[in-house]
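Sequence and predicted structure below; questions after.
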Amino acid sequence: MGTFSYFIIEKNSGRAIFSRKYSKITIDENLLSGFMSALYGFAQGELKETGIENVDMGGIRWVYVEGKGLLFISTSEKTDDPLMLKSQLEQISEMFFETFIIKEDFSEVEWDGDMAMWQSFTPILDQLRDDWTKAEKIMEAAKLMDLLEVYQSIIDSFTSNVKLDNEFANLNIMQSAFQGGTEWDVEKLAEVDSEDLRGKLQYVLENFIVITKEALVNNEEFFHYILYNSVYPIIIREWSRIKESKIDEFIINLLLQ
């Protein structure tokens, strides 16, 4: 999960009331509070309905939502989805108001400026973040399942037409990548390093294509026959999953050039 930190500040005064950091990136709370409060005021005064909900600055994506006189702010990687970040901030705001029973505007709350008053929210925020991280891993694992199915379909389209050595005749790409069991599901995949798995799967498929070409070195026309009649239809049918898994360039370079 790419979120660096969360802040909660008073909308009108700009005072920070809560912060939680999850990275080594240092952000001055006081400077942030003043800047975001001023930015919010500008958005409300000049942009009215359109407003500003996220800003990319200094290599960081800043997203905020407003509620009951408070601004809830997250800082994260610029590649993170702003809509997802906003949804998470809305959940944070709901939990904050529920935890401290804030029913009306925050200006009506008696607070002496000591941020310790709100620190009991830290474990709640940590749990929310852990839940989101687990959900992201499950989503990534689902994409990996798609990836496995696409790669295995490509392999099967060759093995059903080409006589290969036993090692490759009934190749299971997951088993080859991890030299282990073949009973994999989304929950198990969520526990592995997705980038490491992607790299190993690509390595296996690349080697398989090399071996297949060597087996058909004297019959290159048949290799292209399999491509056109078996592999290309798979790529066309599975193109949305290929794009979603971000392997389109790899597939094109490996098979279509």
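Sure thing, it's come through.

okay, now the domains of the chain?
3-113, 136-255 (automatic domain parsing).

Can you add distance to Q127, mean pLDDT and mean neighbour count and give the ones you listed back as CSV?
Any C-beta I mention is one placed from the backbone N, CA and C, and that applies to glycine too. Putting these into CSV (distance: least, CB to CB, whole Å; pLDDT from 0 to 100; neighbours: other CB atoms under 10 Å) gives the following:
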stretch, distance to Q127, mean pLDDT, mean neighbour count
domain 3-113, 9, 81, 16
domain 136-255, 15, 82, 15
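
T122 is nearest to which of those domains?
domain 3-113 (6.0 Å; CB to CB).

end-to-end on stretch 160-173?
End-to-end distance for stretch 160-173: 15 Å, by CA to CA, to the nearest Å.

before we move on, back to that, in CSV: the domains of the chain, plus distance to S120.
Conversion of the domains of the chain to CSV gives the following (distance: least, CB to CB, whole Å):
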stretch, distance to S120
domain 3-113, 7
domain 136-255, 26
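
For L144, give me its contacts.
189, 194, 197-198, 245 (CB atoms under 8 Å, 6 or more residues apart in numbering).

how near is it to E220?
Look at L144 and E220: by CB to CB, to the nearest Å, they are 33 Å apart.

again with S93
62 Å.

Any idea which of the domains of the chain gets closest to P123?
Using CB to CB, the nearest of these to P123 is domain 3-113, at 10.2 Å.

Now do that closest one: distance to the chain's middle.
22 Å (CA atoms, centre = their mean, to the nearest Å).

next one: stretch 233-241
With CA atoms, centre = their mean, you get 23 Å for stretch 233-241.

And that stretch, end to end?
14 Å.

what does it contact?
With CB under 8 Å, 6+ apart, stretch 233-241 has contacts from 146-147, 149-150, 153-154, 157, 242, 248, 251, 255-256.
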